[in-house]
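1. sequence plus the predicted model coming up.
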Amino acid sequence: MTSTEERPPLALGLQKGLRRAALIALLAGSVVAAALTLYAGRNNSSRILTILFVVWVLSPFLGAAFAILRWRRGSALTRATLDVAAVLLTFATLAAYALHDLGYWKVKTGTVFLMVPLVFWLLLGIVLMAAAFSSRGKSQRA
């Protein structure tokens, strides 16, 4: 039951709604993450360094959105897992940046804005590999 014609309309609508919610969360999250990065780097005299940090911070959001838009194979559950993971990673990332910028997390600014996107990429990669492995296993059984 992998084609859209075989799924009930309700399941198809829920899947599209979840995908839309994930993309909206990623878009809003990327805007907020860029704003928090600019806020954290407001005292930095190097504009190039600030731009590089913003690009690095935005990269996992763009990668997750690309993965959501391009992921075609696999079951609806696999795609839903990717959508939910993107939303959860977005909220966790924004929470980390906000905790730092509000002064609750006493870590160097560079460390936060370098490590959080790296962790986002690693967790997104794990989810994508698990989804690929799951969909490959199901296609081999079919």
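-> Yes, it's here.

2. helix or strand for A86, just tell me which one.
-> Here A86 sits within helix 76-101, counting by DSSP states H and E.

3. L18 now?
-> Going by DSSP H and E, L18 is part of helix 9-40.

4. equivalent analysis for M115, please.
-> Taking DSSP H and E as the criterion, M115 maps to helix 109-141.

5. packing partners of the helix holding A86?
-> Applying 3 or more C-beta pairs under 8 Å, 6 or more residues apart in numbering; DSSP states H and E, one finds that helix 76-101 makes contact with helix 9-40, helix 47-70, helix 109-141. For every residue, glycine as well, the C-beta is placed using N, CA and C.

6. distance between the longest one and the chain's centre?
-> Taking the mean C-alpha point of helix 109-141 and that of its whole chain, the gap between them comes to 9 Å (C-alpha atoms, centre = their mean, to the nearest Å).
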